[in-house]
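Undergrad: sharing a model that was predicted from the sequence below.
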Amino acid sequence: MIYVDSSVLLELYLDGPRATDARAILDEPETKVASWLLAVEIPVVLRRTLASHPQPLQEALDRFDRDVDDVGLIDAMTDVAIRIRSDARFSRCRALDAIHACTALLMREWTGQAVRLETFDRRLLELGQALHLC
């Protein structure tokens, strides 16, 4: 199972230097999952970044709508909040990244399956490595 962080999708939609890597991650055959937070973060960042470019903005939002259909969005905020509150390891990154890392960790615990966290964010990557998700 692959946990997809918003940094991966944003790299793709904003044509970042790792856009090819991002597309390769999405094209992998494994099941993709993410926190429901993804459905909020991506449109907000796209609208902020592409505000003066309506056509590319709409194209990026349309691409996201297509891609997110293939990602299982996990709504487990109460469980995530309880775990983050009780586990100091989540203080190694920003709050939203802690939500992503914790959701990935809980998915591994709940399903008993290996979960690989995919992110282009350095701090989240470091936390993912500490949690044995990368």
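TA: In hand now; what should we look at?
Undergrad: you'd agree Met107 is in a helix?
TA: Yes. With DSSP: H, G, I helix; E, B strand; the rest coil as the criterion, Met107 is assigned to a helix.
Undergrad: for it, which non-adjacent residue is spatially closest?
TA: Of all residues not flanking Met107 in the chain, Val115 sits nearest, at 5.1 Å (Cβ to Cβ, 6 or more residues apart in numbering). In short, each C-beta sits where N, CA and C put it, glycine included.
Undergrad: and for that neighbour, the neighbour number?
TA: Neighbouring residues of Val115 were enumerated by other Cβ atoms under 10 Å; the total is 24.
Undergrad: ok, Thr31 touching Ile74?
TA: No. The pair Thr31 / Ile74 is not scored as a contact, 11.6 Å apart, by Cβ atoms under 8 Å.
Undergrad: any idea how far the residue most central in space within the chain is from Leu37?
TA: Geometric centre of the chain, nearest residue: Asp5, 1.6 Å, by Cα atoms, centre = their mean. As for Asp5, its distance to Leu37 is 10 Å (criterion: Cβ to Cβ, to the nearest Å).
Undergrad: identify the contacts common to those two.
TA: With contacts taken as Cβ atoms under 8 Å, 6 or more residues apart in numbering, Asp5 and Leu37 have His100 as neighbours in common.
Undergrad: any chance of the backbone angles for Val33?
TA: Here the main-chain torsion angles of Val33 (degrees, to the nearest 10) amount to phi -140, psi 160.
Undergrad: quick check: bridge partners of it?
TA: Here Val33 shows beta-bridge partners Tyr3, Gly72, assigned using DSSP bridges.
Undergrad: sec struct for Pro29, please.
TA: Bear in mind the rule, three-state DSSP; under it Pro29 is coil.
Undergrad: same for the lowest-mean-pLDDT helix or strand in the chain, what does it pack against?
TA: Across the helices and strands of the chain, mean confidence by mean pLDDT, DSSP states H and E is lowest for helix 122-130: a mean of 91. On a contact count with 3 or more Cβ pairs under 8 Å, 6 or more residues apart in numbering; DSSP states H and E, helix 122-130 meets helix 95-111, strand 116-118.
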